[in-house]
Structure formats: structure tokens, C-alpha cells
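K.L.:
here is the input, now give the coordinates:
(one chain, ligands or ions: 2)
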Amino acid sequence: MAKPVSIEVWNPNGKYRVISTKSMPGTRWINLLVEQDCRVEICTQKKTILSVEDIVTLIGDRCDGVIGQLTEDWGETLFSALSRAGGKAFSNMAVGYNNVDVNAANKYGVAVGNTPGVLTETTAELAASLSVAAARRIVEADEFMRAGLYDGWLPHLFVGNLLKGQTVGVIGAGRIGSAYARMMVEGFKMNLIYYDLYQATRLEKFVTAYGAFLKANGEKPVTWKRAASMDEVLREADVISLHPILDKTTYHLVNKESLSRMKKEAILINCSRGPVIDEVALVEHLKENPMFRVGLDVFEDEPFMKPGLADLKNAIVVPHIASASKWTREGMATLAALNVLGKIKGYPIWSDPNRVEPFLNENAPPPAACPSIVNAKALGLPVSKL
Ligand SMILES: NC(=O)C1=CN([C@@H]2O[C@H](COP(=O)(O)OP(=O)(O)OC[C@H]3O[C@@H](n4cnc5c(N)ncnc54)[C@H](O)[C@@H]3O)[C@@H](O)[C@H]2O)C=CC1
Ligand SMILES: O=C(O)C(=O)CO
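P.N.:
Ligands and ions are numbered 1, 2, ... in the order given. Sure thing, here's the model as predicted:
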């Protein structure tokens with residue numbers, strides 16, 4: 001018998017039962033659900049990652065929708081449990097949904113939501129922060145100060161890399177990859193090389209215009225290039241940031257072979273998903289190339305790190321915090337709640353998941369639509385005309 005899971009309840013007499021597997025930032029998401037006659041149950045279990053069994057217990061025998069987290073394994077077992085309980089809506093509180101078996105959700109007719117757009121700039125800012133921290137050895141220098149080792153300025157002390165005029169490489173130039181590229185090009189006047197399955201036209205236009213602006217002001221213009229292969233980026237870039245989705249095509253995209261093609265003093269940043277890098281190969285590469293540096297927000301066996309990684313001075317590691325700004329996390333909670341609410345209420349699907357601002361405006365009611373449902377087409381859900 002599964003143990004009962006502790007919960008906090010809002011609006012106990014609400015008509016629709018909506019579960020959130022975690023407490024989420026802000027209260028707007030709760031208010032929006034309560035105003036629309038939902039009983040909101042928030043799991044308060046003191047356990048960071050809930051098991052499938054815990055979530056089956058939470059769902060129980062009547063549940064209209066669930067807001068879940070990227071740490072949970074949403075597959076056949078959970079979608080069948082949700083469907084048995086009468087539920088037709090699930091939303092990840094994340095843009096990435098590699099933890100969700102969308103085919104299983106389709107089989108049970110469950111809509112799967114995600115939270116694009118609201119975390120684009122926040123995530124790109126962390127990737128940019130890790131890039132600068134790695135280039136200028138900020139974490140090593142901070143540890144040195146705290147250890148009381150600083151006894152005066154020295155010409156060789158913590159010498160790092162100048163970013164200006166170097167090349168930034170972006171793999172996966174979608175929403176976040178493009179925002180990161182703009183920050184590095186505009187902020188540090190780096191040249192851009194990117195690889196994506198699709199052309200990043202707006203990004204190219206931006207770099208062209210910025211280059212022309214610099215030239216008109218007597219400065220060296222920045223340049224861009226769309227690489228024909230990922231290898232081209234690996235060979236040419238000084239800083240490489242990974243921003244693709246995680247799927248079969250991107251699993252271990254960076255491995256022993258690809259690492260060997262990168263410059264010996266390159267910087268590699270990963271704010272996408274851990275398994276995009278073969279972390280065992282990365283640890284070996286970092287050991288053999290002390291001038292090669294990485295900034296990692298995500299890990300292959302999250303929350304664990306591969307043996308040896310934590311001991312390496314040329315690695316900066318942070319605990320999956322790329323989207324962790326207050327505005328973004330509250331926005332993610334709002335979008336996830338509105339995905340579930342919209343499906344329960346029978347609303348259509350918002351036509352452009354890249355333009356979710358109307359849902360985030362606190363001074364106006366949100367549109368009567370689900371902000372982003374990834375399997376809308378497969379389920380034949382109607383698109384909003386708003
Ligand atoms: N560390 C964190 O806290 C966060 C991580 N993420 C991760 O970042 C990912 C990207 O998010 P967005 O930019 O919003 O998604 P997006 O869908 O706008 O961009 C992903 C890009 O990857 C490209 N891509 C797909 N397969 C590829 C391949 N084999 N090679 C090269 N490019 C490929 C796509 O064409 C697309 O342009 C999410 O799926 C998620 O896993 C997102 C937010 C926060
Ligand atoms: O949204 C995502 O995909 C994350 O990883 C956390 O914001």
C-alpha cells in the first residue's frame with residue numbers, strides 16, 4: 001500500500017480538482033485556479049523528487065488535472081492513472097519536457113503543457129554569467145580570497161580570457177540560444193557562429209544590424225555565420241553554449257570525439273539538459289586539458305555529478321538554477337496553471353507559444369486559452385483566434 005502524501009488545500013469546495021506536485025512561487029497561479037472554481041491541492045511532502053508511486057497516490061480516484069515538475073517521470077503509469085481519475089490535463093512547470101512521454105499522453109487523450117517564453121532571458125542570462133565566470137575564473141578567484149591566500153597583486157594572478165573579438169558558438173539557436181547569442185554579441189562584441197536545424201533569421205538580422213552600427217561608429221563590426229555542421233562550431237568557437245532540446249538527436253551530442261575537436265582553451269556552457277554532454281568523457285577532457293573550462297547548470301544523472309567533476313578547478317557547477325528569477329518562476333507557475341485550467345474549461349490553444357506575455361500581465365485577466373500545449377495537434381485541439 002502506498003503511503004499517504006501530505007497536501008495543502010485551497011478552495012476545498014471547488015468543482016475541479018487540480019493537483020500541483022510541488023509548491024510553486026507566487027500566488028497568482030493559485031488565485032487564477034480558485035477564481036475558476038478549482039480545488040487546488042499542493043503536495044507538501046518533504047521530499048525533493050516525488051516517485052511515480054507518490055504521484056499515483058496524489059492523483060487518487062478523481063482528478064481533473066496535474067501541474068508537475070521536470071524531475072518527475074511522466075509516462076504510461078501516470079497518464080493512465082490520471083485518465084482513470086477523469087483527468088485530461090497535465091502541465092510541466094518547465095519549457096523542456098524530455099521527462100514526459102508524449103505518446104503515452106496521446107494514448108490517454110491527456111493534453112501536455114509546457115512554459116515557453118517566460119524563461120528565455122533568465123536562462124540566457126545564467127548561460128552568459130557562466131560564460132563570463134569561466135572566462136575570468138571568478139569562482140576559483142573567490143575561493144582563493146576566502147581561503148586567505150591573497151597576499152598582493154601579481155601579473156599572473158588568475159589570468160583568464162578576453163571575450164571581446166572572440167567567437168561565441170551556439171548550438172541550438174532557438175528562443176534561449178538566440179537570446180544568449182545576442183547578449184554575448186552585444187555585451188562583449190563577440191562574433192557569432194551557430195548551428196541549428198533551422199535558420200535563426202531574426203538573430204542573423206540583429207547581428208548584421210549591430211555590426212553596421214559598430215562600423216558606423218568607427219568600431220570593428222561583429223559578424224555571424226550559420227554553420228553547416230556542429231563540428232564547424234566546435235572547431236571555430238572560443239566559447240560554446242548548448243541550447244537544444246534533449247531528444248534522441250541531441251543525447252551525448254558532446255562526447256569524447258567532439259570534445260577533441262574543440263580548442264584546447266575553449267569554454268563550454270550547458271544550460272540545456274545534462275545528457276546532451278557525455279559527462280564521463282567531459283571529466284576526462286577537463287583533467288587532460290586544464291585550460292579548457294566548463295560552466296554547467298545541468299548534469300547527466302541529476303542531481304548527481306559524475307565522479308571527479310566536483311574536484312576540478314576548471315569546472316563551474318550550479319544546481320539547475322538557470323530559470324531561477326522571481327519573475328520567471330512566478331510566470332512559469334502561471335503558465336502551467338493556465339495550461340491545466342484552459343484544458344479543463346475547454347478553451348482553445350493559444351496560437352503562438354512564443355508570445356505568452358498576455359498571460360503574464362498581472363493587471364488584466366488572462367486570455368481564455370491554453371498558453372502552450374505540445375500535443376495539441378496530435379489531440380486535434382482547436383487553436384484560439386485571439
Ligand atoms: N537549465 C535550465 O534551467 C533550463 C533549461 N532549458 C532547456 O533549454 C531547452 C531549449 O529551450 P528553448 O530555447 O525555449 O527551446 P526552443 O525550442 O526555442 O529551442 C531549441 C532549439 O534547438 C534546436 N535543435 C533541436 N534539435 C537540434 C539538433 N539536433 N541540433 C541542433 N539544434 C537542434 C531547435 O531547432 C530549436 O531551435 C529546453 O528544451 C530545456 O531542455 C530551458 C529552460 C531552463
Ligand atoms: O524549463 C526548463 O526546461 C527547466 O529546465 C527549468 O526552468
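
K.L.:
and Ser241, helix, strand or coil?
P.N.:
Look at Ser241: counting by DSSP: H, G, I helix; E, B strand; the rest coil, its state is strand.

K.L.:
number of nearby residues for the nearest residue in space to Val95 that is not next to it in sequence?
P.N.:
Spatial nearest neighbour of Val95, excluding adjacent residues (Cβ to Cβ, 6 or more residues apart in numbering): Pro116 at 4.8 Å. Where C-beta positions appear, they are placed from N, C-alpha and C, glycine not excepted. Neighbours of Pro116 under the rule other Cβ atoms under 10 Å: 23.

K.L.:
Pro116 belongs to a strand?
P.N.:
No: read with three-state DSSP, Pro116 is coil and lies in no strand.

K.L.:
what sits against it?
P.N.:
Val95, Arg175, Leu335, Pro353, Asn354, Val356, Ser372 (Cβ atoms under 8 Å, 6 or more residues apart in numbering).

K.L.:
contact partners for Ser351?
P.N.:
Val383, Ser384, Lys385, Leu386.

K.L.:
can you rerun that using 7 Å?
P.N.:
Val383, Ser384 (Cβ atoms under 7 Å, 6 or more residues apart in numbering).

K.L.:
cool, Ile321 as well?
P.N.:
So Ile321 contacts Leu126, Asp297 (Cβ under 7 Å, 6+ apart).

K.L.:
low-confidence ranges in the stretch 201-350 of the chain?
P.N.:
Nowhere does the stretch 201-350 of the chain drop to pLDDT under 70.

K.L.:
ligand 1 contacts on that one?
P.N.:
243-246, 249-250, 271-273, 297-298, 320, 322-323 (Cβ under 6 Å from any ligand atom).

K.L.:
surely Ala378 touches Asn106?
P.N.:
Yes: at 4.8 Å, Ala378 and Asn106 qualify as touching, with contact defined as Cβ atoms under 7 Å.

K.L.:
circling back to that earlier point, the residue nearest to Val95 and Met305, how far apart?
P.N.:
For Pro116, the distance to Met305 equals 28 Å [Cβ to Cβ, to the nearest Å].

K.L.:
again with Ala368
P.N.:
Counting by Cβ to Cβ, the gap from Ala368 to Met305 is 45 Å.

K.L.:
neighbour-wise, which of those two wins?
P.N.:
Shown here are Ala368 and Met305; by other Cβ under 10 Å, Met305 has more neighbours (18 against 15).

K.L.:
and the closest residue in space to that one that isn't next to it in sequence, how many residues sit next to it?
P.N.:
Closest residue in space to Met305, ignoring its immediate chain neighbours: Phe299 at 5.5 Å, by Cβ to Cβ, 6+ apart. A total of 20 residues lie near Phe299 under the criterion other Cβ under 10 Å.

K.L.:
before we move on, what SS does Phe299 have?
P.N.:
coil.

K.L.:
just want the phi and psi numbers for it.
P.N.:
phi -140, psi 150 (degrees, to the nearest 10).

K.L.:
got a list of contacts for the one helix or strand Arg182 maps to?
P.N.:
For Arg182, the enclosing helix or strand under DSSP states H and E is helix 175-188. For helix 175-188, contacts defined as Cβ under 7 Å, 6+ apart pick out 116-117, 120-121, 123-124, 127-128, 131, 163-164, 168, 170, 173, 190, 192, 194, 200, 202-203, 206-207, 210, 222, 241, 243, 354.

K.L.:
change it to 8 Å
P.N.:
Contacts of helix 175-188 (Cβ under 8 Å, 6+ apart): 95, 116-117, 119-121, 123-125, 127-128, 131, 163-164, 168, 170-171, 173, 190-192, 194, 196, 200, 202-203, 206-207, 210, 222, 224, 239, 241, 243-244, 271, 354.

K.L.:
I'd like to know which elements the helix ranked longest in the chain is packed against.
P.N.:
Ranked by residue count under DSSP state H, the longest helix found in the chain is helix 326-344. Under the contact criterion of 3 or more Cβ pairs under 8 Å, 6 or more residues apart in numbering; DSSP states H and E, helix 326-344 touches strand 16-20, helix 28-35, strand 65-68, strand 89-92, strand 111-113, helix 357-360.

K.L.:
ok, which of these comes nearest Leu50?
P.N.:
Proximity to Leu50 (Cβ to Cβ) singles out strand 65-68 among the helices and strands packed on helix 326-344, at 8.5 Å.

K.L.:
which residues touch that closest one?
P.N.:
16, 18-21, 24, 55, 58-59, 74, 82, 87-93, 333, 336-337, 340-341, 343-344.

K.L.:
and if you look at stretch 103-114?
P.N.:
Applying Cβ under 8 Å, 6+ apart, the contact partners of stretch 103-114 are 74-76, 79-80, 82-83, 87-92, 94-97, 100, 102, 335-336, 339-340, 343, 370-376, 378-379, 381.

K.L.:
and Lys345, how many neighbours?
P.N.:
Lys345 has 16 neighbours, counted by other Cβ under 10 Å.

K.L.:
can you name the residues of the stretch 1-150 of the chain that neighbour ligand 2?
P.N.:
Residues of the stretch 1-150 of the chain lying near ligand 2 (Cβ under 6 Å from any ligand atom): Leu70, Ala94, Val95, Gly96, Leu119.

K.L.:
can I assume the third one is in contact with Thr115?
P.N.:
Yes: with contacts defined as Cβ atoms under 8 Å, Val95 counts as touching Thr115 at a distance of 5.5 Å.
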